[in-house]
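Engineer: Provided below are the primary sequence and the corresponding predicted coordinates.
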Amino acid sequence: MRRVARYAAVALILGLALVLTLAFRRDPHDIRTGTVGRPAPAFTLPDLSGSGSISLDSYTGKVIVLNFWASWCIPCKEENPALTEVWERYRGTDVVLLGIVFQDSTDAAREYTARLGNTWPSAVDESGRVALSYGVFGPPETYFIGRDGIIAGRHIGPIDARTLITAIETLRTAPKP
Amino acid sequence: MTRTRWLIIAAVLAVTVAVGWSARPHPVTEADRVDRIAAELRCPVCQGLSVEDSPSDTARSMKALVATRVAEGRTDDEIRAEFQRSYGDWILLSPPLLSGSGLVWLAPIAVVIAGALVALDRTRVKAVPVPEPSSDEVRELRELIAREEREEGTQ
């Protein structure tokens, strides 16, 4: 009986240590959103340029790179050259780069895009609901949506051109649904 | 009955009535539900703050969404599930028991059980085996007892 109690205590302590080790070894910034692997939440938002609206449905069948950004976000400025490179590379193809303005004023966002010379479309998510539906923590965050409308991946923080191109090419070469 | 006893009975009755009155069922307003659900949701851009307690824009957006869903007639579970779909169980400040995060609830129980087992092991009286006396020892003891009995008899 004594031996059983001793082994049980050791097993419990080891089990607890294992659980805590597994729980704490995960990078808290790498929390997986619940939306990866699921259909991309649909949205229709005002176009930042002021001309009409942007609807995700209108890009069905294309590879979509959805980038959440804000003019006050320093890392967004860091990743802007990579986004520009990808925009120029895939412009007019079956790849769409869409920006979503996250918690920012429309005027500040327009001034930002004009200053940096960004010409890809951006939508204004004034209520923040689209960001919430995607599980956004904060800008910059980039979501990759396949032709089938499923969110294939997410990148938190500033992204570089190589990561963008690798993800895009993976989705482009995936079999069509 | 003495005056002191009456005072004790009156005090007990007063406390009982007060507790009963405060625990009475009262209608939950939509605002109450919004506050309660917001208090259960984690603010994604804060350090350990609930949506209810956080002044951030994200928390405000989340609380506004909760208020909209409550006004639409959604249940609490449906509203929580909507946030779980976007952020996973992490978004709940109290993770469900039947989930990976729910293991955190078992940790204190496991510690208590392990501690109890260790304490039980330490405090148990150890049974020391007593060797059987040899025939010489038995004879010596008998002689000693007989001698003492003789001495007691002579006194």
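Structural biologist: Arrived safely, thanks for sending.

Engineer: Near chain B, which residues of chain A are found?
Structural biologist: Chain A has residues A:2, A:5-6, A:8-9, A:12-13, A:15-16, A:19-20, A:23, A:31-35, A:38, A:103, A:127-129, A:131-138 near chain B, with proximity defined as CB under 8 Å from any CB of the partner chain. In this view, the C-beta of every residue, glycine as well, is placed from N, C-alpha and C.

Engineer: pLDDT weak spots in the chain?
Structural biologist: All of this is about chain A. A:1-2, A:23-33, A:177 (pLDDT under 70).

Engineer: that answer is for a different chain, and I need it for chain B
Structural biologist: In chain B, residues with pLDDT under 70: B:1, B:98-106, B:124-127, B:154-155.

Engineer: Please, where are all the helices along it?
Structural biologist: B:3-22, B:30-40, B:57-71, B:76-87, B:103-123, B:135-154 (DSSP state H).

Engineer: For those, give me TSV that also has mean neighbour count.
Structural biologist: Shown next, in TSV, are the helices of chain B (neighbours: other CB atoms under 10 Å in any protein chain shown):
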stretch	mean neighbour count
helix B:3-22	10
helix B:30-40	16
helix B:57-71	19
helix B:76-87	18
helix B:103-123	14
helix B:135-154	9
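
Engineer: Excluding residues flanking it in the chain, which one is nearest residue A:147?
Structural biologist: Distances taken as CB to CB, 6 or more residues apart in numbering or on different chains put residue A:61 closest to residue A:147, at 5.4 Å, once the chain neighbours are dropped.

Engineer: can you check residue A:78 too?
Structural biologist: Nearest one to residue A:78, counting by CB to CB, 6+ apart, is residue A:158 at 4.4 Å.

Engineer: Report how many residues lie close to that neighbour.
Structural biologist: Neighbour count for residue A:158, taken as other CB atoms under 10 Å in any protein chain shown: 19.

Engineer: Check whether it really touches residue A:81, as I assumed.
Structural biologist: No: under the criterion of CB atoms under 8 Å, residue A:158 makes no contact with residue A:81, lying 10.2 Å away.

Engineer: Residue 143: what's it in contact with?
Structural biologist: Using chain A here. Contacts for residue A:143 (CB atoms under 8 Å, 6 or more residues apart in numbering or on different chains) come out as A:35, A:40, A:64-68, A:134, A:151, A:153-154.

Engineer: right idea, wrong chain: chain B
Structural biologist: Neighbours of residue B:143 in contact, by CB under 8 Å, 6+ apart: none.

Engineer: for residue A:38, same thing?
Structural biologist: Applying CB under 8 Å, 6+ apart to residue A:38 gives the contacts A:150-151, B:85.

Engineer: any idea how far it lies from residue A:157?
Structural biologist: 22 Å (CB to CB, to the nearest Å).

Engineer: Residue B:140 too?
Structural biologist: Residue B:140 is 88 Å from residue A:157, by CB to CB.

Engineer: how far is stretch A:84-95 from where the chain is centred?
Structural biologist: 18 Å (CA atoms, centre = their mean, to the nearest Å).

Engineer: and what of stretch A:115-132?
Structural biologist: 13 Å.

Engineer: Check stretch A:7-21 too.
Structural biologist: The answer for stretch A:7-21 is 37 Å, by CA atoms, centre = their mean.

Engineer: Give me the contacts around it.
Structural biologist: So stretch A:7-21 is contacted by B:103, B:106-107, B:110-111, B:113-115, B:117-118, B:121 (CB under 8 Å, 6+ apart).

Engineer: Closest residue of chain B to chain A?
Structural biologist: Closest contact between chain B and chain A, by CB to the nearest CB, is at residue B:61 (3.4 Å).

Engineer: Contacts only, for that residue.
Structural biologist: Residue B:61 makes contact with A:103, A:127-129, A:131-132 under the criterion CB under 8 Å, 6+ apart.

Engineer: So among those residues, which ones count as buried?
Structural biologist: Among the contacts of residue B:61, those classed as buried by 16 or more other CB atoms under 10 Å in any protein chain shown are A:103, A:128-129, A:131-132.

Engineer: Distance to residue B:148 and secondary structure for the residues you listed - can I get that in a markdown table?
Structural biologist: Formatted as a markdown table, the buried ones among the contacts of residue B:61 follow (distance: CB to CB, whole Å; DSSP: H, G, I helix; E, B strand; the rest coil):
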| residue | distance to residue B:148 | secondary structure |
| --- | --- | --- |
| A:103 | 98 | coil |
| A:128 | 97 | coil |
| A:129 | 98 | helix |
| A:131 | 96 | helix |
| A:132 | 93 | helix |
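
Engineer: out of the contacts of residue B:61, which one sits closest to residue A:85?
Structural biologist: Nearest to residue A:85 among the contacts of residue B:61 is residue A:131, at 24.7 Å by CB to CB.

Engineer: can you give me phi and psi for residue A:99?
Structural biologist: phi -100, psi 150 (degrees, to the nearest 10).

Engineer: how about the nearest residue to it, chain neighbours excluded?
Structural biologist: Leaving out its chain neighbours, residue A:99 is closest to residue A:122 (CB to CB, 6+ apart), at 3.3 Å.

Engineer: Over to residue A:54?
Structural biologist: The shortest distance from residue A:54 to any non-neighbouring residue, by CB to CB, 6+ apart, is to residue A:123 (4.1 Å).
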